[in-house]
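In: Give me the fold of what follows.
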Amino acid sequence: MKPEPSPESGPIRSVDRELLLAMRSGELFGIGELTEELSVTATAVRQRIERLLARGLIDREKVVAGRGRPTYRYRITEQGKRITAADSTELAEAMWQELLSIEDPELRNRMLRSVATRLGREYAAQLDENAPLEERMRVLSRLLKSRRVVSDVISAGELPVLDINACPYPTLADGSQDHSMCRLEEQVLSEALGKPVQLSQCRLDGDSCCQFSPAVNSSTANSPGDGTTAEVD
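Out: Predicted structure coming up:
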């Protein structure tokens, strides 16, 4: 079974974020350089480094020079870079609107499927494909929560369902009745779980949450609100 990632231990402290920003270039830094850059004591830098190492936001490399004691130099990780990256909301909104504006429906759907597949596989890589569906769904729910997507798994008859209590992308859905984002989520979750799921309840249709349940038909699932069949391959 693939190990489940450790949950974050709360929000990052402002002083720790300051250190990450100082390391954003991706180069190796020593304690002395960071002390000078941040104008704080070496003890303060070491405390921040220990917290960030524990969260996987930086890593360290041993440096041996001559007969002296080895020292360490530190570099920001890819996860750390994501935390310090600029807000990508405007970029995501622009790209989403451009996707929806593609006039050729076949091309538009192919692009959306590609996006869903890529996102879904990122989750699937962290799930045990041999585990029961309900267990995979619960691990997926925890992964979603780590990305600030509020979700719960409940039992509905013989099969589990995944409830998402608030739209994870409200600025992209923009309050309209368009279900394109709903269909994208449906395909992402299907790819992640390795089993087609269908949107059985939707907030856009007045339901209390968006609910995804295993599709009755293994190849297609009907999305509420638009009467069309959403592909989940």
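In: Quick one: low-confidence residue ranges for the protein.
Out: Under the criterion of pLDDT under 70, the regions of the chain flagged as low confidence span 1-10, 156, 173-177, 217-233.
In: how's it carved up into domains?
Out: Per the record, the chain has its domains at 14-84, 89-231, by automatic domain parsing.
In: could the ones you listed be laid out in CSV, adding mean neighbour count?
Out: All C-beta atoms are positioned from the backbone trio N, CA, C, and that covers glycine. Listed next are these as CSV, based on neighbours: other Cβ atoms under 10 Å:
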stretch, mean neighbour count
domain 14-84, 15
domain 89-231, 16
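In: residue furthest from the geometric center of this structure?
Out: Summary for the chain: using Cα atoms, centre = their mean, the residue whose C-alpha lies farthest from the chain's mean C-alpha position is Arg67, with a distance of 45.2 Å.
In: Give me the secondary structure label for that residue.
Out: coil (DSSP: H, G, I helix; E, B strand; the rest coil).
In: swap in Gln198?
Out: Judged by three-state DSSP, the three-state class of Gln198 is strand.
In: Just give the closest residue to the residue positioned nearest the centre of the chain, not the sequence neighbours.
Out: The central residue of the chain, meaning the one whose C-alpha is nearest the mean C-alpha position (Cα atoms, centre = their mean), is Arg147 at 4.8 Å. If you skip the residues right next to it in sequence, Arg147 has Pro168 as its closest partner in space, 7.9 Å away by Cβ to Cβ, 6 or more residues apart in numbering.
In: tell me the contacts of the one you found?
Out: Contacts for Pro168 were tallied using Cβ atoms under 8 Å, 6 or more residues apart in numbering; they are 144, 147-149, 185.
In: any idea which of those residues is closest to Leu172?
Out: Glu185 (10.7 Å; Cβ to Cβ).
In: what about the longest helix belonging to the chain, distance to the chain center?
Out: If each helix of the chain is counted by residues according to DSSP state H, the longest one is helix 105-124. Taking the mean C-alpha point of helix 105-124 and that of its whole chain, the gap between them comes to 15 Å (Cα atoms, centre = their mean, to the nearest Å).
In: cool, and stretch 133-147?
Out: Taking the mean C-alpha point of stretch 133-147 and that of its whole chain, the gap between them comes to 11 Å (Cα atoms, centre = their mean).
In: Can you verify Thr171 is assigned to a helix?
Out: Yes - remark: Thr171 belongs to a helix, assigned using three-state DSSP.
In: Any figure for the gap between it and His179?
Out: 16 Å (Cβ to Cβ, to the nearest Å).
In: Gln201 against Asn165, yeah?
Out: No - Gln201 sits out of contact with Asn165 when judged by Cβ atoms under 8 Å, with a separation of 11.2 Å.
In: Give me the common contacts of these two.
Out: Residues touching both Gln201 and Asn165 comprise 208-209, with contact defined as Cβ under 8 Å, 6+ apart.
In: Please consider this matter closed, and thank you.
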